[in-house]
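Novice: For reference, the sequence and a predicted model appear below.
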Amino acid sequence: MKNHENDYQFNIDKYYKNYLKGSRIFNNRNALEASYIPKELPHRDIQIKEIAEKTACALLGDVPPSFLCYGMTGTGKTATIRYVSQKLAQQNSEFNPWWIYINCNVLSTPYRILAYIYNTISRKEKIPPTGLPKDVIFRKLLGLLDNRVGNSVCFLVLDEIDILVNKKGGNEILYDLTRLNENLDISKTSLIGISNKLKFRENLDPRVLSSLGEDHIVFPSYDASELRDILTERAKIVFQDEVLKEDVIPLCAALAAKEHGDARKALQLLRKAGEFAERTQNKNVTTQHIKNAQKDLENDHIVEFIKGMPLQAQLVLTSIYLISKFSSDHIIISGDVYDVHSEIRGLIPGIRQLTKRRVSDYINELSLAGIISAEVKSMGHYGRTKIIKLDIGRELVEKVLLEIDKIRNIMNHKPVFLQTDKVKLKNHIFKKLI
């Protein structure tokens, strides 16, 4: 049979010509990026006022207090800090503050943090990625702050600071940063921590807590009404006039409100919906585009979650996938998953054998994440077991697992117990039928 799919030819020149002739959806799509700071931040006046009150003394060259900002993901913490920093910069003070933003998810070691601060201020001389003793970098940084920042204030903003706290040396570098002013002759610094983990303060060193954790600002989650206001104002900048159907923003806000009032999720939904409409050359963005965008974002979240799991958890998922792939009608039980995991981990050097309890724990984690379902069933006097099913498409699971280096080469391995020419003798020993 002829494969018509191979006969398909995509005319890229024609596509671009049609694209340029098509209806315009976006006016400024960049205004939906997380880095975009609007002229107004709806429903954050209380937090703006608190931050302004804490940082205003920097305009006189005085030292502002260090403080923490708490709130769930997408509650405007980083945007509000950046908004206030822009307003401070517009005051034309002789003590113009410096701002350095550090994402602790990217820079999570004391060395890299100190090197990044130094390199950002210096712009010329660079600290190498590795190699220098930390105390040498620290001394060089103190000299640079006094020389470059002078009698102004340098704000050090640590985004996702909770990640740093749980790393080796995290409390030590925080203590060093909160005590910078004691070692500076001219310049001053202020540390601002941002976190969506409300309890991370419990892991702070008492010395750090006394300097940083006593003063904090809370960012509550947005409700659906507040999200509608945010989206309505942003849509005026982002989209061409009359592109959005009137029920689009209410649906987008309602979906994001279910995700703990995540404004970032709401903006992502709106952008992806607009891109779906643009791709299909529709003149309007509809609720169907929002629903398609929601499904697409959920897949993105699943991909991110699986890639972030420990390798052993990924192998448990691979075991479930392989059973499903080679025997789609097979009822998968937890014992099968344990056997296949024991089998495939031996195909990868350096992977240790897990206990049945640990495999069961990983199954529970996958179930909580919505990737599989694991229903406990009684087997009478044989005890209880979990009946396991993939809750997401096998194609999506395959796509993600193929991107993991150590798993890619075992994706076509057929579990031994599904090979009809072999019988199980004991434990994990199989033998071909004679």
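Specialist: That came through fine.
Novice: what's the distance between stretch 228-238 and the middle of its chain?
Specialist: Here stretch 228-238 is found 24 Å from its chain centre; the criterion is Cα atoms, centre = their mean, to the nearest Å.
Novice: Which stretches in this protein count as strands?
Specialist: Secondary structure of the chain (DSSP state E): strands at 67-71, 98-103, 153-159, 188-195, 216-219, 332-333, 372-378, 384-390, 422-426, 429-432.
Novice: ok, and which of those has the densest surroundings?
Specialist: strand 188-195 (a mean of 24; mean count of other Cβ atoms under 10 Å). For glycine as for every other residue, the C-beta is placed from the backbone atoms N, C-alpha and C.
Novice: per-residue confidence at Lys426?
Specialist: At Lys426, the predicted lDDT confidence score is 52.
Novice: I misspoke; the intended subject was Val208.
Specialist: Val208 is assigned 82 on the pLDDT scale.
Novice: surely Leu212 meets Ile192?
Specialist: No: with contacts counted by Cβ atoms under 8 Å, Leu212 stays clear of Ile192, the gap being 9.1 Å.
Novice: mind showing which ranges of the protein have poor pLDDT?
Specialist: When residues are selected by pLDDT under 70, those of the chain lie in 1-7, 213, 379-382, 420-434.
Novice: I'd like the domain boundaries of it, if you could list them.
Specialist: Taking automatic domain parsing as the reference, the chain has its domains at 45-219, 222-306, 309-432.
Novice: Identify whichever of those domains lies nearest to Pro38.
Specialist: Nearest of these to Pro38, taken as Cβ to Cβ: domain 222-306 at 6.6 Å.
Novice: any shared contact partners between Leu212 and Ile192?
Specialist: 66-68 (Cβ atoms under 8 Å, 6 or more residues apart in numbering).
Novice: before we move on, back to that, specify the stretch among the domains of the chain that is closest to Asn30.
Specialist: Of all the domains of the chain, domain 222-306 sits nearest to Asn30, with 8.6 Å by Cβ to Cβ.
Novice: from the middle of its chain, how far away would the closest one be?
Specialist: Counting by Cα atoms, centre = their mean, domain 222-306 is centred 18 Å from the centre of its parent chain.
Novice: can you check stretch 66-83 too?
Specialist: Computed by Cα atoms, centre = their mean, the chain-centroid distance of stretch 66-83 equals 15 Å.
Novice: For it, list the C-alpha coordinates in CSV.
Specialist: Taking Å, rounded to 0.1, in the frame of the first residue of the first chain, the C-alpha atoms of stretch 66-83 are listed here in CSV:
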residue,chain,number,x,y,z
SER,A,66,16.4,43.0,53.6
PHE,A,67,13.0,41.2,53.2
LEU,A,68,11.2,38.3,51.7
CYS,A,69,8.2,38.1,49.3
TYR,A,70,5.9,35.0,49.6
GLY,A,71,3.2,33.8,47.4
MET,A,72,2.0,31.0,45.1
THR,A,73,3.3,30.8,41.5
GLY,A,74,1.9,33.5,39.3
THR,A,75,0.9,35.9,42.0
GLY,A,76,3.0,38.8,40.7
LYS,A,77,6.0,38.7,43.1
THR,A,78,8.8,39.2,40.6
ALA,A,79,6.7,41.5,38.4
THR,A,80,6.0,43.8,41.4
ILE,A,81,9.6,43.9,42.4
ARG,A,82,10.6,44.8,38.8
TYR,A,83,7.8,47.4,38.7
